[in-house]
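J.: let's see this in three dimensions:
(2 chains)
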There are 2 protein chains.
Amino acid sequence: MDQDLSTRILHAVDDLFDREIDFLAELTSHPSTRGQEQSAQDFIAGELGERGLSVDRWRIDVQAIRDQPGFSPVIGDYEDAQNVVGTHRSRTGQGRSLILNGHVDVVPAGPADMWDRPAFAPHVDDGWLYGRGAGDMKAGLASNLFALDALRALDLQPAADVFYQSVVEEECTGNGALACLVRGYRAEAALIPEPFEEALVSEQLGVIWAQVHLKGLPTHVAYAGSGANAIEAAVPLIAALHGLEERWNQADCPHRHGGYVHAHHPINLNIGKIQGGDWTSSVPAWCVFDMRIAIYPGQDIAAARAEIEEVILQAARENAFLKNALPEIVWHGFMAEGYALSDDRSARAGAAIGALEGAHRATTGQALERKAITATTDARFFGLYSDTPALVYGPRAEAIHGFNERVELESLRRITAATALFIADWCGTETI
Amino acid sequence: MDQDLSTRILHAVDDLFDREIDFLAELTSHPSTRGQEQSAQDFIAGELGERGLSVDRWRIDVQAIRDQPGFSPVIGDYEDAQNVVGTHRSRTGQGRSLILNGHVDVVPAGPADMWDRPAFAPHVDDGWLYGRGAGDMKAGLASNLFALDALRALDLQPAADVFYQSVVEEECTGNGALACLVRGYRAEAALIPEPFEEALVSEQLGVIWAQVHLKGLPTHVAYAGSGANAIEAAVPLIAALHGLEERWNQADCPHRHGGYVHAHHPINLNIGKIQGGDWTSSVPAWCVFDMRIAIYPGQDIAAARAEIEEVILQAARENAFLKNALPEIVWHGFMAEGYALSDDRSARAGAAIGALEGAHRATTGQALERKAITATTDARFFGLYSDTPALVYGPRAEAIHGFNERVELESLRRITAATALFIADWCGTETI
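T.: Residues are numbered from 1 along each chain as shown, chains lettered A, B, ... in the order given. This next block holds a predicted model:
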């Protein structure tokens, strides 16, 4: 790309940045927790249509995806799960096609009183935009869109097909991204601006969710010795799961992927939800807890699942009460493999990474840092199941999944600029 | 009481027993969990009215009872909390007055699938009547009523005022019984047929409820090391509370009341409810658990409460995360002192116990067994706060607060008979 075009693109991003912030604030104001994404998708579909993209909006069909690799089990149907894809068709088709992917679903805000300002009333303060989902990852949906806008402001467009995807279900299954694959959306590379501090994600972990149901024989607490407390029965199971977590974190764990050789504690177990009992003076009959644990890229997911199950059941068999009432394990939500872009030795992956490196350096003056992350992203669907190198590269954010979540606006500006430069390089440009 | 009257009363109880079972079954079919007692109270008020008792039904006024000894703190008002009292006024007033007390509130049934038959569809099988509340303590409301009916079948009535009380709030505060006191209902003895296997309760424990609120600083689980898991933060607090439980159970615990000298483990801690977190892959920001612990008769309740608080806060201060976010302890529900009938050396208590001993022996041919129970009952209000000996004496039941709760019908028949004989002795009889 010539220096002049590069400079003009950077200026165009700057010129549009106030509008990009407005877009991000409006998008963040939609409380698009799982099942509630409709108004946010309405907003995005409208913005895509205004820009002349061809808009495809559809409800995810569980039947169509359930036998595909990467599918995660779900309870219930997907009545409320809609993806939106805006398609740009190149006039000349000279460049390489691209998927710009982002997820519109956000995790719950948690107790309102722990936020300084309401979670879905975004505001800007001292260079940061605050709100649930601002960083994870509505900022990425903004940068993907305004990168295209910057080209358009120069009367340019990508010289290859580009698919702008706004998907749901990223925070619990990834089935939104999977549904895009099954619907036929393919390209020669994918970019996902998840908020990992302007680094390129070289490796990501897999994630498994499980729900553990314990049942006890309740009684009046006056006879507590003869009843089993289902809430307290969860404690040794959680301890046993932490034992598994520690084994997987050991330096010599056979599953440990090369990208995590120097990581201190990449595998995190989280007990994310618990509920049990219905009366303070009744020994609780039941307790349900939800767990999340990570696995390494390349770690066999069926084997990992079997190991989790065995750890839970073994701990239960060693427990005086639980051995007679073994817990029921319900698998719904993430059944996600890890993914390592670094393992993709293809020329196409090398070219895509090289293009991003150039764009990043042109924007920031710095080399592109690699990062092995301890979470998962939708990148696995492109990388593992459709032979598409997936570049996860997004802005700096803080307190994602926490309170007062925020994204740094100057970081967003740089990501938008680098994305525009990457598109211009990877896809090439043509006049509108 | 002459032998002939005694025999006629026993026959009258037998003659009415099928109707008593029908009454108990209908009462048990009302799902009178806390706040839902209205239809059960409608039914009881109707039955009292049909028998010519003067019916008093009123909503508990928190303002009127909150400064009384024995009051337990509550959240919200008592819009839905109604007591029913049916009053019999003696024509001659020759005998000793009596309160026949029972509670109509029942604890939640828990998961339906753990019952063999629906919890509020009572049925009789092999001599037992099944259903939530059948034993605790609708059988007692039946025996109190049908004991009076047996006298009436002989054209007799008590020769003293008798107050038939159907109260709410026994399972969480006792404020229903307290409201009866404040409304002016007093008598020379009280009988409460709680289901303790035809024994006389000589001592009962006090009970304290507390709700412990934990808050964490949640984050994406990928960074779990920097977030505090509010659910797991509960574990060391629960362990510390079990430490307190063990100290109070030690043989040399200074609080241990004489009635519990030989009891193996009278003080039970129960973690009865827990709820925390809202997303499996977010480190949970909050967790709330509800605890119940017992105290001995004579143990100072303010000191016990302070000790519980200190145990929780000390465990929190020793925890890396919690020391910076000390738990909030909400006291609502039981703040109930223990009560020992055995400590009441008054002539009146001796006379009441003697009358019950005679009635029990005439019914069963056995001596009346004493029992120190590990629960609380409303007896404390009569015994501690209105100088009225309170006899807790009721039928054999199983799985109270559990699944497939049931009461033994022959036991109920004996309790009804003994109650009728006791009334005839304590109050005397007069012709209608």
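J.: okay, now the unreliable bits of chain A?
T.: A:218-227 (pLDDT under 70).
J.: helix or strand: which one has residue A:275?
T.: Using DSSP states H and E, residue A:275 sits in strand A:269-276.
J.: does whatever helix or strand comes next after that strand reach chain B?
T.: Counting by DSSP H and E, the next helix or strand C-terminal to strand A:269-276 is strand A:286-295. Yes - counting by C-beta under 8 Å from any C-beta of the partner chain, chain B is contacted by strand A:286-295 at A:286, A:287, A:289, A:290, A:291, A:292. For every residue, glycine as well, the C-beta is placed using N, CA and C.
J.: packing partners of strand A:286-295?
T.: strand A:206-215, helix A:230-249, strand A:269-276, helix A:301-317 (3 or more C-beta pairs under 8 Å, 6 or more residues apart in numbering or on different chains; DSSP states H and E).
J.: distance-wise, check the residue positioned nearest the centre of chain A relative to chain B.
T.: In chain A, the residue lying closest to the centroid (C-alpha atoms, centre = their mean) is residue A:377, at 3.8 Å. Counting by C-beta to the nearest C-beta, to the nearest Å, the gap from residue A:377 to chain B is 10 Å.
J.: Provide a list of residues in contact with that residue.
T.: Listed by C-beta atoms under 8 Å, 6 or more residues apart in numbering or on different chains, the contact set of residue A:377 reads A:170, A:192, A:194, A:201, A:204, A:392.
J.: so what sits opposite the fourth one in the bridge?
T.: When bridges are called by DSSP bridges, residue A:201 pairs up with residue A:371.
J.: how about it, what does it touch?
T.: Going by C-beta under 8 Å, 6+ apart, the list of residues near residue A:201 reads A:194, A:341, A:370, A:371, A:372, A:373, A:377, A:379, A:391, A:392, A:393.
J.: rebuild the residues you listed as a markdown table, extending it with secondary structure.
T.: Formatted as a markdown table, the contacts of residue A:201 follow (DSSP: H, G, I helix; E, B strand; the rest coil):
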| residue | secondary structure |
| --- | --- |
| A:194 | coil |
| A:341 | helix |
| A:370 | strand |
| A:371 | strand |
| A:372 | strand |
| A:373 | coil |
| A:377 | coil |
| A:379 | helix |
| A:391 | strand |
| A:392 | strand |
| A:393 | coil |
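J.: for ChimeraX, what selects the buried ones among the residues you listed?
T.: Selection of the buried residues among the contacts of residue A:201 in ChimeraX, burial being defined by 16 or more other C-beta atoms under 10 Å in any protein chain shown:
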select /A:194,341,371,372,373,377,379,391,392,393
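J.: what's the closest of the contacts of residue A:201 to chain B?
T.: residue A:373 (6.5 Å; C-beta to the nearest C-beta).
J.: and the next helix or strand past the longest helix along chain A?
T.: Longest helix of chain A, by residue count under DSSP state H: helix A:3-29. Sequence order places helix A:38-50 as the next helix or strand after helix A:3-29, per DSSP H and E.
J.: rewinding a little: the strand holding residue A:275 vs strand A:286-295, what angle?
T.: Relative orientation of strand A:269-276 versus strand A:286-295 (axes from the mean of the first three to the mean of the last three C-alpha atoms, to 10 degrees): 170 degrees.
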